[in-house]
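J.: Turn this into a model:
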Amino acid sequence: MRPRDIPNIITAFRFLLVPPVVFLMLQDRFTAALLVFGVAGFSDALDGFLAKRFDWTSRLGGLMDPLADKLLVLSSFITLGWLGWIPPWLVALVILRDLVIVAGAIFYHMRIEQLEAEPTMVSKLNTATQIFLVLAVMFSLGVQTIPAIWIDILLYSVLVTTLWSGFDYIWIWGRRAWHKRGQ
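T.: Numbering: from 1, shown residues only. From the prediction side, this is the model:
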């Protein structure tokens, strides 16, 4: 193992934290799930810091890191939806957005050109609101009840940012495809 592999090892560790988070939520152990989710969040910050600080970035890490994040957030969303703590329509919308983005990226890559996927600012905001919602629900269930109005604000923030970021990707990639096809 070389030092430059450390960020990828940390990211791989984050994949391993997904099943315990889901299992703990299914066991109604939300405080423990929140702690494991927090460890995963810390590992995300740590691997990103190390990769940037020491220039230990890699193509593999660039693919694994967002995939680990997405798997953790989507698994948490699906589980909280299954348990009735996040509305099914919002879980479905979050999944649909991700499926549309993946399908669009595959189509773009196959029909237009190789795609270098960089998250947009709106997409980063969407991910942050999704994470805040998951954290708030787990905190409310495991530690201290959060007033419903705050959970509702986060629910509707996720709704807005999910729609906004989905349309943002469609707009950006659609324009790029239009310009490339016109050349």
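
J.: so where's the longest helix in this structure?
T.: What stands out as the longest helix in the chain, according to DSSP state H, is helix 148-182.

J.: can you count the residues close to Ala68?
T.: Applying other C-beta atoms under 10 Å, we find 23 other residues in the vicinity of Ala68. To be clear about C-beta, it is placed using only N, CA and C from the backbone, and glycine gets the same treatment.

J.: same thing with Gln114?
T.: 7.

J.: What of Val39?
T.: The tally of other residues near Val39 (other C-beta under 10 Å) stands at 15.

J.: in what helix or strand does it lie?
T.: helix 30-53 (DSSP states H and E).

J.: Give the buried residues for the longest helix of the chain.
T.: 151, 154-155, 157-159, 161-162, 164-166, 168-169, 173, 177 (16 or more other C-beta atoms under 10 Å).

J.: Quick check: which of the residues you listed has the minimum pLDDT.
T.: Looking at the buried residues of helix 148-182 by pLDDT, the weakest one is Ala177, with 81.

J.: Leaving aside the residues adjacent along the chain, what's closest to that residue?
T.: Excluding the flanking residues, the one nearest Ala177 by C-beta to C-beta, 6 or more residues apart in numbering is Ile112, at 5.0 Å.

J.: thought the one you found was touching His179?
T.: No - with contacts counted by C-beta atoms under 8 Å, Ile112 stays clear of His179, the gap being 9.7 Å.

J.: Is the residue nearest the centre of the chain in a helix, a strand, or coil?
T.: Per C-alpha atoms, centre = their mean, the C-alpha nearest to the average position across the chain is that of Lys70, at 3.3 Å. Under DSSP: H, G, I helix; E, B strand; the rest coil, the three-state class of Lys70 is helix.
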